[in-house]
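A.B. asks: Build me a structure from this.
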Amino acid sequence: MKALMGFRAAFGGAVLTAAMVIGAVANAQEESNPSGITLGNGESNWIKVDDLTRADNSRTYTEQRITQDRAYVRRGDGTTLTFSEVHIEGDGWLVMHPFIDGAPNGDYVAGYSFVEGGTNKDVSITLNPAPDSGDMYIVMLHSDSNADGVFDFVFVDDTNVEDRAVFEGNQMIAHVIAVP
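C.D. replies: Next up is the predicted model:
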């Protein structure tokens with residue numbers, strides 16, 4: 001059986017609709033979708049999300065964009081979200097993908113943090129710019145597939161990135177969360 005390892009395949013518009021996500025966020029980890037993929041923790045990999053904390057103004061960011069005729073600079077304060085415990089078999093990444101237009105969008109990465117194989121305590125991800133309370137995200141694990149210590153979010157085909165999503169069977173180690 002060929003497992004779907006990419007976020008696009010698991011959460012495309014036809015698979016996980018905005019109505020299902022918004023209407024059943026509390027149950028999203030247990031909801032099935034047509035691909036058979038579910039969200040939640042596994043026996044060997046997990047993300048503790050029930051005691052997620054937020055620290056505002058923890059880091060200031062500067063974003064610079066330069067085009068042929070203009071330079072743009074935007075500054076602001078970020079928000080750091082801290083997950084009390086993350087466990088992964090082998091090194092990898094705790095990754096957050098935003099909801100865009102009411103649905104999760106796996107083509108974008110809002111933030112990520114390296115996690116070593118085993119149990120990691122107080123894993124923080126800084127989001128810039130700071131999200132509003134209640135903004136929705138998918139938090140998930142990606143393996144460091146090529147063991148280079150660099151988050152390789154490069155699509156190798158239509159559904160898979162180089163550092164692949166972590167699955168246990170059809171269970172994607174991921175959760176729908178609302179920012180506190």
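
A.B. asks: C-alpha from now on. contacts and neighbour counts both.
C.D. replies: Will do.

A.B. asks: can you give me the helices in the protein?
C.D. replies: Residue ranges of the helices in the chain, as given by DSSP state H, are 7-11, 18-23.

A.B. asks: mean pLDDT lowest for which of these?
C.D. replies: Comparing mean pLDDT across those, the weakest is helix 18-23, with a mean of 32.

A.B. asks: Centroid-nearest residue for the chain?
C.D. replies: The centroid of the chain falls nearest to M96 when counting by Cα atoms, centre = their mean (2.5 Å).

A.B. asks: Report the contact partners of that residue.
C.D. replies: Listed by Cα atoms under 8 Å, 6 or more residues apart in numbering, the contact set of M96 reads 109-112, 137-140.

A.B. asks: Regarding the chain, what is its longest strand?
C.D. replies: In terms of residue count, the longest strand belonging to the chain (DSSP state E) is strand 71-88.

A.B. asks: That strand packs against which elements?
C.D. replies: Packing contacts for strand 71-88, counted by 3 or more Cα pairs under 8 Å, 6 or more residues apart in numbering; DSSP states H and E, involve strand 46-47, strand 53-66, strand 118-127.

A.B. asks: distance between the first one and the chain's centre?
C.D. replies: If I follow you right, that is strand 46-47. Relative to the centre of its chain, strand 46-47 is centred 12 Å away, using Cα atoms, centre = their mean, to the nearest Å.

A.B. asks: Tell me the strands beside that strand, with direction?
C.D. replies: Strand pairing for strand 46-47, using DSSP bridges, gives strand 71-88 (antiparallel).

A.B. asks: returning to what we had before: tell me how far the longest strand of the chain lies from the chain's centre.
C.D. replies: Counting by Cα atoms, centre = their mean, strand 71-88 comes out at 12 Å from the chain centroid.
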